[in-house]
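kindly return the folded structure for what I paste below:
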Amino acid sequence: MDQLLRICGPSDLHSLTVTELQGLADEIREVILSCVSEVGGHLAASLGAVELTVALHSVLDSPRDKIIWDVGHQAYAHKIITGRAECFNTIRQYGGLSGFPCRGESEHDVIGTGHASTSISYGLGLVEAAGLSGRSDGHVVCVLGDGALTGGVAFEAMNQAGQLHTPLVVVLNDNQMSIKPNVGAFQLYLNRFRLDPGLTRLREDMEHTIARIPAIGARAYSLGKDVKESMKAFLGPGLIFEELGFAYIGVVNGHDIGALRLALQQALDTKRPVLVHVRTVKGKGYEPAEEQPAEFHGTGPFKLANGERTTAVRGSTYTEAFGRVMVREARRDPRIVAITAAMTQGTGLEGFEAEFPQRLYDVGIAEEHAVVFAAGLALAGMRPVVAVYSTFLTRAFDQVNLDVGLHRQPVIFCLDRAGVTGDDGPSHHGVLDMMLLTKVPGMVVFAPSSYQELQQMFHDALELTDGPVTIRWPKTAARQESPEQIGHGLAGRRLLEGSDLCIISIGKMLDASEAAAAQLRAAGVSVTLWDARVVKPLDPAMLADAARHACVLTVEDGVREGGVGNAIQDQLAEYTLGEHEPRVRVLGTPIAFIPHDKPAAILAELGLDAAGITASAMSLLSGDHLPLP
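As a prediction, the model looks like this:
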């Protein structure tokens, strides 16, 4: 670690030779591997971007020059170079470094980027603001993976940057991957030039042919760079970028620091938008990650010697339950198609893809398009299932509301990673979905509390509904229930019957609510416990039963204000109008950006574990005021 020990900040790279910079890159890769193998994290993307990061900081003057990472999966080397090497082993741990760039963590982190396709928009705003203010704020470089170019926001920004001729540098880190290999026509376009060296030779032959043309050849060749760039645009992947108003440099070997430095310096010297096309290998330098980059995109701890996982989720997961019921129902109903936004593996659709490859659509990182595409399929009589992480569907809420909801199309939204998710922090907690989706007219929202409930709900969504449906579940091992304990249809499920207090639990909060009910019963409290199952529409029988209690406590792992508990409170007030109204306390997450930590620790901090629920119940029963988190 000779080079790394001498690095206190990015300016220390300016005096290093290319050989020394390569040695530094090798040391950084070792640090990333050592740390992530112990604590987990986003490995493959960061390994692939090590040399690129070193090259960037060796030619830029951060923080005066600004690097915007899109997304932050590839920014681990950046954290190490910018003064965080000594605490890098705390990454994604409570009180430690964020797994993504974080403005509160370092002056070198321009923006926190947990979602994709936004860097060019940020960068364009920064450069234009400097120009309008008459300031000289340094260079702005946006580094985005080629997966981010499947998102329309990136092209919207490029369209404007090209029109404005803004001197902005975009580095396209092209590793053919987001989590899995990228999809779409644009990816096929890039692949032509990666895989066909003949096109490169043809371009070079044309340049030399022009140089030999009598009378004009010498003059044309003397134009040098202009001719070469014209040929590059005509016979290379730069054509589309040139048409959008960007100068194009590439394709550059993303693991050759000398070539990277030269290309970056050329880009910085150009007074208009420039795209530097860099080719890298995801997982570079670690054979298991190079061979299986999808497995090492986001990983738990593993054995460094062979890549074997050392920890795993115990028991069957909700994601597995969804994957299996999708295949089972698709065998029965040929109208079922699956749509995902670069999340085939993460949402459990591998089995569906293997059996029904023609019925699975991976649209890339394009959630808005995924939803409208689903609406179009539904209009034509199909039964589309949009499988996506909860935090990413919020990007397409307008389409859910007005393209699916307004037209009452039978699209099923299956939201993985709902609720408090943990290590990835505020950009990845799925706490908004119930608050938002319950406001869509005609939307049915299911919240399963077990492996078996999820599968039953998916079947019911197909059989009992003719409009939009949402099923949301967490990233945890799933509770197991016997057949007689599984609910059906749109009804809630009562587990305990009492007279003093009614607890209404939503989704995975049933385990903690059940444990709290046991503690309360041991303390002499007569408790009724409901598993709501369906949070829109709420079960009238459940509300009627809750109304007979003096106190009602609701528990959800979503935003408290405007969430399901508030809806229950409002409907109970209407239900008991003119009569005795129960005292209601709503437990849920606050309107706040929740930091990263293990989900159990976060829930305990928010009073959403068994102890917290018990304490809230006792204070509600006694009439005491207990401040909510």
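
give me the below-cutoff pLDDT ranges for the chain.
For the chain, the stretches flagged by pLDDT under 70 are 1, 146, 177-237, 311-314, 578, 625-629.

nearest the middle, which residue of it would you pick?
Taking Cα atoms, centre = their mean, the centroid of the chain lies closest to His115, which sits 5.3 Å from it.

for that residue, give me its contacts.
Listed by Cβ atoms under 8 Å, 6 or more residues apart in numbering, the contact partners of His115 are 71, 391-392, 395, 427. C-beta coordinates here come from the backbone N, C-alpha and C atoms, glycine included.

now swap in Asp12 and tell me
Arg6.

check which helices and strands the longest helix along the chain sits against.
If you go by DSSP state H, the chain has its longest helix at helix 18-39. On a contact count with 3 or more Cβ pairs under 8 Å, 6 or more residues apart in numbering; DSSP states H and E, helix 18-39 meets helix 2-5, helix 44-48, helix 50-59, helix 76-79, helix 257-268.

list the buried ones in that helix?
For helix 18-39, the neighbour count (16 or more other Cβ atoms under 10 Å) marks 18, 20-25, 27-29, 31-33, 35-37, 39 as buried.

now do that helix against helix 50-59, angle only.
130 degrees (axes from the mean of the first three to the mean of the last three Cα atoms, to 10 degrees).

from the chain's centre, how far out does helix 18-39 sit?
25 Å (Cα atoms, centre = their mean, to the nearest Å).

can you offset everything so residue one is 15?
Yep, numbering from 15; the last one is helix 32-53 now.

now the angle from it to helix 271-282?
Angle, helix 32-53 to helix 271-282, by the same axes, to 10 degrees: 100 degrees.

so what touches helix 32-53?
Residues outside helix 32-53 that contact it (Cβ under 8 Å, 6+ apart): 15-18, 21, 27, 30, 55, 57, 60-61, 64-65, 67-69, 72, 90-91, 94-95, 99, 102-103, 105-107, 271-272, 275, 298-300, 313, 315-318.

for ChimeraX, what selects the buried ones among the residues you listed?
Selection of buried members from the contacts of helix 32-53 for ChimeraX, criterion 16+ other Cβ under 10 Å:
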select :17,18,21,27,30,55,57,60,61,64,65,67,68,69,72,90,91,94,95,99,102,105,106,107,271,275,298,299,300,313,316
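
quick revisit: can I get the longest helix of the chain in PDB, CA atoms only?
Below are the C-alpha coordinates for helix 32-53, written out as PDB (Å, rounded to 0.1, in the frame of the first residue of the first chain):
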ATOM      1  CA  VAL A  32       1.300   6.900 -15.100                       C
ATOM      2  CA  THR A  33       3.100   3.900 -13.700                       C
ATOM      3  CA  GLU A  34       2.600   5.200 -10.100                       C
ATOM      4  CA  LEU A  35      -1.100   5.900 -10.800                       C
ATOM      5  CA  GLN A  36      -1.500   2.300 -12.100                       C
ATOM      6  CA  GLY A  37       0.200   1.000  -8.900                       C
ATOM      7  CA  LEU A  38      -2.300   3.200  -6.900                       C
ATOM      8  CA  ALA A  39      -5.200   1.700  -8.800                       C
ATOM      9  CA  ASP A  40      -4.000  -1.800  -8.000                       C
ATOM     10  CA  GLU A  41      -3.800  -0.900  -4.300                       C
ATOM     11  CA  ILE A  42      -7.300   0.700  -4.300                       C
ATOM     12  CA  ARG A  43      -8.700  -2.500  -5.900                       C
ATOM     13  CA  GLU A  44      -7.200  -4.600  -3.100                       C
ATOM     14  CA  VAL A  45      -8.800  -2.300  -0.400                       C
ATOM     15  CA  ILE A  46     -12.200  -2.500  -2.100                       C
ATOM     16  CA  LEU A  47     -12.000  -6.300  -2.300                       C
ATOM     17  CA  SER A  48     -10.800  -6.700   1.300                       C
ATOM     18  CA  CYS A  49     -13.500  -4.500   2.700                       C
ATOM     19  CA  VAL A  50     -16.500  -5.600   0.600                       C
ATOM     20  CA  SER A  51     -15.700  -9.300   1.200                       C
ATOM     21  CA  GLU A  52     -16.200  -8.700   4.900                       C
ATOM     22  CA  VAL A  53     -19.100  -6.300   5.000                       C
END
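
quick one: closest of the helices and strands packed on helix 32-53 to Asp638.
helix 90-93 (45.2 Å; Cβ to Cβ).

which other helices and strands contact whichever helix or strand comes after the closest one?
Where DSSP states H and E defines the elements, the next helix or strand beyond helix 90-93 is helix 133-147. In terms of contacts (3+ Cβ pairs under 8 Å, 6+ apart), helix 133-147 is packed against strand 80-84, strand 154-159, helix 166-178, strand 183-188.

can you list these in a markdown table and add distance to Gln359 and mean neighbour count?
Below are those laid out as a markdown table (distance: least, Cβ to Cβ, whole Å; neighbours: other Cβ atoms under 10 Å):
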| stretch | distance to Gln359 | mean neighbour count |
| --- | --- | --- |
| strand 80-84 | 21 | 26 |
| strand 154-159 | 17 | 27 |
| helix 166-178 | 23 | 18 |
| strand 183-188 | 21 | 27 |
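
ok, now which ones touch the residue lying closest to His383 once chain neighbours are set aside?
Closest residue to His383 apart from its sequence neighbours, by Cβ to Cβ, 6 or more residues apart in numbering: Val377 at 5.5 Å. Val377 makes contact with 164, 197-198, 353-356, 383-384, 387, according to Cβ under 8 Å, 6+ apart.

in helices, which of these appear?
Counting by DSSP H, the contacts of Val377 place 383-384, 387 in helices.

and the strand ranked longest in the chain, what does it pack onto?
With secondary structure taken from DSSP state E, the chain has its longest strand at strand 565-573. Using 3+ Cβ pairs under 8 Å, 6+ apart, the elements in contact with strand 565-573 are helix 447-451, strand 515-519, helix 578-589, strand 597-603, helix 624-636.

mind redoing it with 6 Å?
Contacts defined by 3 or more Cβ pairs under 6 Å, 6 or more residues apart in numbering; DSSP states H and E place strand 565-573 against strand 515-519, helix 578-589, strand 597-603, helix 624-636.

and among the ones you listed, the most buried is which?
strand 515-519 (a mean of 29; mean count of other Cβ atoms under 10 Å).

report the angle between the next helix or strand after it and helix 624-636.
Downstream of strand 515-519, the first helix or strand assigned by DSSP H and E is helix 524-536. Here the directions of helix 524-536 and helix 624-636 differ by 50 degrees (the same axes, to 10 degrees).

please report the distance of Leu363 from Arg275.
41 Å (Cβ to Cβ, to the nearest Å).

which residues in the stretch 165-314 of the chain form strands?
Using DSSP state E, counting those that start in this stretch, the strands of the stretch 165-314 of the chain run over 183-188, 261-267, 288-293.

which one of those strands lies nearest to Val414?
Closest among the strands of the stretch 165-314 of the chain, using Cβ to Cβ: strand 183-188, at 30.4 Å.

that closest one pairs with which strands?
According to DSSP bridges, strand 183-188 forms sheet pairs with strand 154-159 (parallel), strand 288-293 (parallel).

dump the strands of the stretch 165-314 of the chain to JSON lines, plus distance to Leu601.
Output for those, formatted as JSON lines (distance: least, Cβ to Cβ, whole Å):
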{"stretch": "strand 183-188", "distance to Leu601": "43"}
{"stretch": "strand 261-267", "distance to Leu601": "53"}
{"stretch": "strand 288-293", "distance to Leu601": "48"}
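
Ser147 is nearest to which of the helices and strands packed on helix 32-53?
helix 271-282 (20.7 Å).

report the buried residues of the closest one.
271, 273-275, 277-278, 281-282.

do the same with stretch 606-615
Applying 16+ other Cβ under 10 Å to stretch 606-615 flags 608, 610-611, 613 as buried.

appreciated, that's everything.
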